[in-house]
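Undergrad: Predicted model, plus sequence, below.
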Amino acid sequence: MNPFSSGTRLRDMIRAVRACKTAAEERAVIRKESAAIRAAINENDQDYRHRNLAKLMFIHMLGYPTHFGQMECLKLIASAGFPEKRIGYLGLMLLLDERQEVLMLVTNSLKQDLNHSNQYIVGLALCALGNICSAEMARDLAPEVERLLQFRDPNIRKKAALCSIRIIKKVPDLAENFINPAASLLREKHHGVLITGVQLCTDLCKISSEALEYFRKKCTEGLVKTLRDMANSPYAPEYDIAGITDPFLQIRLLKLLRILGQGDADASDCMNDILAQVATKTESNKNAGNAILYECVETIMSIEDNGGLRVLAINILGRFLSNRDNNIRYVALNMLMKAMMVDAQAVQRHRATILECVKDSDASIGKRALELLYLLVNENNVKALTKELIEYLEVSDQEFKGDLTAKICSIVERFSPEKIWYIDQMLKVLSEAGNFVKDEVWHALIVVISNASDLHGYAVRALYRAFHSSTEQETLVRVAVWCIGEYGDMLVNNVGMLDIEDPITVTESDAVDAIDVALKHHTSDLTTKVMALIALLKLSSRFPSCSERIKGIIVQNKGSLVLELQQRSIEFNCILQKHQNIRSALVERMPVLDEATFSGRRAGSLPTAVSTSTRAPRNLPNGIAKPAAVPIADLLDLSSDDAPAPSSSGGDFLQDLLGVDLSPATAPSGTSQPPKAGTDVLLDLLSIGTSPPAQSSSSASDILSSSQDKVPLANLNGLASLSSLSANVTSPANAAPMLDLLDGFGPSPQKHEGNGQVYPSLVAYESSSLRMTFNFSKEPGNLQTTLIQATITNLSPNVYNDFLFQAAVPKFLQLHLDPASSNTLPASGNGSITQNLKVTNSQHGKKSLVMRIRIVYKMDNKDVLEEGQINNFPRDL
């Protein structure tokens with residue numbers, strides 16, 4: 001016989017496939033067999049149709065196409081005999097799915113078989129329908145399935161219940177038809193029928209609120225009785241698993257009771273006793289018992305409040321944590337995290353066990369336990385838990401240190417009872433795992449230190465000690481360098497010595513040595529080296545006797561291959577040599593950093609502009625970009641094709657402050673942006689802020705262009721003593737070279753000249769309290785650029801203070817705002833504020849100007865916010 005004829009047995013084809021040594025040989029065998037099957041299909045070979053379909057199913061399982069044999073399934077299903085129907089339905093479930101259009105042809109055959117006198121054929125039809133039923137088939141065949149729920153044979157009732165689940169999921173509108181038949185299944189004695197009936201009721205409750213209410217009223221007591229009988233039943237070998245009667249059915253019953261009891265006090269009261277019985281009587285030394293206990297705990301935590309039961313459930317989870325099986329411990333940790341939202345005090349009792357789980361060798365358990373422990377921390381236990389976690393940090397695996405460090409830092413920051421404790425704990429973390437600490441964490445530490453004026457001496461001495469023992473920890477070195485630069489004189493003179501400190505003797509030369517070590521250490525990155533140079537410049541003023549040595553260290557970097565170090569070295573050397581008269585003012589101690597502002601920047605936004613806060617104003621000059629309380633996209637609220645994409649935070653707070661924001665930023669191709677020349681040279685020298693050389697056109701700084709200078713918020717707060725100096729840093733177009741800037745302090749103001757063309761004035765915005773008028777002009781020979789003079793008048797009888805005007809434009813526009821003429825707006829129109837805007841339209845002649853504006857001011861010490869959108873600009877701008 002031909003080995004690939006239609007008469008070949010399935011086992012012979014399987015042997016031929018297994019004998020293949022390469023994929024090519026296997027493909028050849030499948031190709032020949034498929035050709036033989038196609039030939040038999042074309043010849044309508046009825047004798048071997050079932051054998052050919054069995055081969056097709058094997059070929060399908062190997063991953064080869066078998067669509068050409070789909071119609072053979074329908075032909076076999078239409079046959080009269082059980083063997084042919086069986087192979088036909090099996091092929092139907094394997095080779096087709098509900099998306100196949102050919103499936104519609106089998107609906108009539110299914111209907112006939114569901115009404116067949118042979119219960120085995122009925123079972124085949126129910127099995128197939130439960131696997132591949134589509135919405136259309138469900139609507140057509142639902143009455144037959146509903147009728148079969150009362151069939152005499154329990155196997156048919158069981159299959160009909162499973163098929164009903166598929167039907168109500170495909171067509172939820174049919175759920176009401178199955179409520180009464182499903183309720184009758186809950187009275188079954190046959191466990192197979194009962195478990196499918198419970199599952200059908202569970203799905204009905206999820207789909208239909210009507211079914212949920214019906215089962216709550218009619219079936220809750222019956223379900224409780226069934227569960228009680230099973231919990232108290234004697235040994236039944238038919239259903240016994242590890243000494244427990246049918247744990248699968250018990251788990252299904254508990255899940256259904258959980259749904260019925262959730263949100264219903266009466267149903268919850270009805271099931272309290274049986275839940276307590278299951279929780280106390282079920283053995284926990286076998287996996288089946290643990291599965292029931294877990295479902296029981298989840299049910300207890302979900303139903304209406306019962307304090308005693310919840311304590312019992314949490315104690316069960318506590319026992320799970322001591323189990324040797326990692327899976328049981330993991331699910332217990334997950335469940336305890338949910339229980340924290342319900343009864344945190346009961347979970348607190350198992351804190352010691354959870355802490356031991358943090359130290360588990362299994363990484364997934366350690367991380368989950370750490371997350372749970374993080375939720376358990378409060379003001380009462382923060383010191384004890386932090387101590388334990390820091391001790392474990394010393395011996396933990398490297399891959400776990402990152403997560404552990406982040407949680408410890410967050411705990412210390414959230415629950416610190418006092419600043420000295422916060423500083424001590426952060427120093428321990430930095431000393432043990434400083435390389436795993438994120439930038440915003442050590443930034444926050446510097447902010448806290450700067451605000452604790454009575455701890456400046458203590459902090460710098462503690463950091464000096466830690467620095468000499470942990471020079472490999474990068475973030476520790478950075479914080480130490482910053483503090484020595486700021487408070488080096490306190491370190492040398494032992495200012496602010498506390499009783500808990502050990503005496504320490506540090507000379508000026510020792511302090512400079514520490515900075516020199518940080519600068520030259522092989523592990524120091526660019527940020528650390530830049531901070532070290534800035535610290536040396538500050539110490540040159542604080543330690544006059546070491547000035548020459550500091551100058552020599554700085555000069556060593558004049559030939560550095562790193563441009564940032566080379567530039568700073570040259571600039572700082574210039575200050576030391578030529579500008580002794582201003583050096584002390586340049587490097588005076590940093591002002592106290594605003595903790596609230598820093599916290600707002602870390603969270604992604606500052607406090608909302610509309611508030612009743614009585615905190616002192618920040619004295620921001622008009623035109624300086626102030627982070628918005630709402631996303632940039634919401635501020636713009638423009639059409640989708642013009643609106644710029646939301647961007648990330650506009651720079652890191654402390655790196656702006658330190659002047660070491662060294663992350664590269666490049667403009668997208670095709671976007672031309674003017675260079676910023678020497679705009680921020682002075683601020684750079686002050687070590688207060690540098691701006692990246694170029695910014696993406698969709699960045700927050702370009703969208704919310706309140707100032708082209710992009711002076712950070714902290715810079716303005718930090719220049720109180722040099723306000724006259726910093727006020728002269730105005731426009732990038734007229735920014736002076738470094739030496740002229742240092743010597744003269746006075747670049748000439750920018751002047752605009754019109755091209756003679758006259759544009760009508762525009763009332764851009766008017767409310768009951770404000771009116772803003774725009775006057776337009778053009779630069780000579782540049783039609784794309786429009787100069788706008790905004791005049792703002794106060795229409796109310798109240799004086800407005802801290803006035804701030806902001807504007808945002810789409811991507812195709814570039815906007816520059818000059819500082820306003822004043823930040824106080826007189827009442828009743830007795831004066832006005834003027835502010836110049838410069839808008840460049842890259843789509844001039846194609847798209848008109850459009851602008852979103854925001855005005856913030858204080859009235860009677862309350863912040864007021866007004867917003868609007870301007871769409872009525874003249875078309876030729």
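TA: Alright, I've got the coordinates. Numbering: from 1, shown residues only.
Undergrad: Need the pLDDT of residue 43.
TA: Looking at residue 43, its pLDDT is 83.
Undergrad: Just give the number of residues close to it.
TA: Number of residues near residue 43 (other C-beta atoms under 10 Å) recorded here: 10. All C-beta atoms are positioned from the backbone trio N, CA, C, and that covers glycine.
Undergrad: where's it relative to residue 105, distance?
TA: With distances taken as C-beta to C-beta, to the nearest Å, residue 43 is found 22 Å from residue 105.
Undergrad: Repeat that for residue 52.
TA: With distances taken as C-beta to C-beta, residue 52 is found 19 Å from residue 105.
Undergrad: These two: who's more crowded?
TA: residue 52 (26 against 15).
Undergrad: For residue 16, see how far away the more buried one is.
TA: Distance from residue 52 to residue 16, by C-beta to C-beta: 15 Å.
Undergrad: same check, this time on residue 103
TA: Taking C-beta to C-beta as the measure, residue 103 falls 32 Å from residue 16.
Undergrad: Any chance you could list what contacts stretch 187-203?
TA: Contacts to stretch 187-203, defined as C-beta atoms under 8 Å, 6 or more residues apart in numbering, come from residues 154-155, 157-158, 161-162, 164-165, 168-169, 178, 182-183, 185-186, 211, 215, 219, 222-223, 226, 239, 246, 248-249, 252-253, 255-256, 259.
Undergrad: and what of stretch 212-229?
TA: So stretch 212-229 is contacted by 179, 183, 186-187, 194, 198, 201, 204-205, 250, 253-254, 256-257, 259-260, 264, 266-267, 270-271, 274, 277-278 (C-beta under 8 Å, 6+ apart).
Undergrad: what do you get for stretch 433-449?
TA: 393, 401-402, 404-406, 409, 413, 419, 422-423, 426, 429-430, 455-456, 459, 470, 472-479, 482-483, 593, 595, 598, 602, 652-655.
Undergrad: Just the buried positions in that stretch, please.
TA: Neighbour counts using 16 or more other C-beta atoms under 10 Å place 433-437, 440-449 of stretch 433-449 among the buried residues.
Undergrad: Please apply the same query to stretch 303-320.
TA: Result for stretch 303-320 [16+ other C-beta under 10 Å]: buried residues 303, 306, 309-310, 312-314, 316-318, 320.
Undergrad: Flag the least confident of the residues you listed.
TA: Lowest in pLDDT among those is residue 306, which has 75.
Undergrad: From residue 284, how far off is that one?
TA: According to C-beta to C-beta, residue 306 stands 21 Å off from residue 284.
Undergrad: now swap in residue 96 and tell me
TA: 46 Å.
Undergrad: Looking at those two, which one has more neighbours?
TA: residue 96 (20 against 15).
Undergrad: can I assume that one is in contact with residue 105?
TA: No - between residue 96 and residue 105 there is no contact under C-beta atoms under 8 Å: 10.4 Å.
Undergrad: and residue 790, which of the three is it?
TA: Secondary structure state of residue 790, per DSSP: H, G, I helix; E, B strand; the rest coil, is strand.
Undergrad: which residues touch it?
TA: Going by C-beta under 8 Å, 6+ apart, residue 790 touches 764, 772-774, 805, 834-837.
Undergrad: Tell me which helix or strand residue 30 sits in.
TA: helix 23-42 (DSSP states H and E).
Undergrad: er, residue 783 actually
TA: Using DSSP H and E, residue 783 falls in strand 782-794.
Undergrad: what pairs with that strand, and is each one parallel or antiparallel?
TA: Using DSSP bridges, the strands paired with strand 782-794 are strand 770-779 (antiparallel), strand 832-841 (antiparallel).
Undergrad: Confirm residue 456 sits in a strand?
TA: No - read with three-state DSSP, residue 456 is helix and lies in no strand.
Undergrad: about what we covered before: taking strand 832-841 as reference, get the angle to the next helix or strand after the strand holding residue 783.
TA: Using DSSP H and E, the helix or strand that follows strand 782-794 in sequence is strand 801-808. Relative orientation of strand 801-808 and strand 832-841, computed by axes from the mean of the first three to the mean of the last three C-alpha atoms, to 10 degrees: 10 degrees.
Undergrad: Paired strands for the helix or strand following strand 801-808, with orientation please.
TA: For strand 801-808, the following helix or strand on the C-terminal side (DSSP H and E) is strand 813-817. Strand 813-817 sits in its sheet next to strand 832-841 (antiparallel), going by DSSP bridges.
Undergrad: Let me know how buried residue 135 is, in neighbour terms.
TA: Around residue 135 there are 13 residues (other C-beta under 10 Å).
Undergrad: How much space separates it from residue 172?
TA: As judged by C-beta to C-beta, residue 135 and residue 172 stand 10 Å apart.
Undergrad: mind listing what's buried in the strand holding residue 783?
TA: In strand 782-794, counting by 16+ other C-beta under 10 Å, buried: 784-794.
Undergrad: would you list the residues you listed in JSON lines and tack on distance to residue 574?
TA: Output for the buried residues of strand 782-794, formatted as JSON lines (distance: C-beta to C-beta, whole Å):
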{"residue": "784", "distance to residue 574": "39"}
{"residue": "785", "distance to residue 574": "36"}
{"residue": "786", "distance to residue 574": "40"}
{"residue": "787", "distance to residue 574": "37"}
{"residue": "788", "distance to residue 574": "39"}
{"residue": "789", "distance to residue 574": "39"}
{"residue": "790", "distance to residue 574": "40"}
{"residue": "791", "distance to residue 574": "43"}
{"residue": "792", "distance to residue 574": "42"}
{"residue": "793", "distance to residue 574": "47"}
{"residue": "794", "distance to residue 574": "47"}
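Undergrad: Between all of those residues, which two are at the greatest distance?
TA: The largest separation in these, counting by C-beta to C-beta, is between 784 and 794 at 33.6 Å.
Undergrad: The stretch 151-300 of the chain: helices as residue ranges?
TA: Along the stretch 151-300 of the chain, the stretches classed as helices by DSSP state H, counting those that start in this stretch are 154-170, 179-185, 191-207, 209-218, 220-232, 247-261, 265-281, 287-302.
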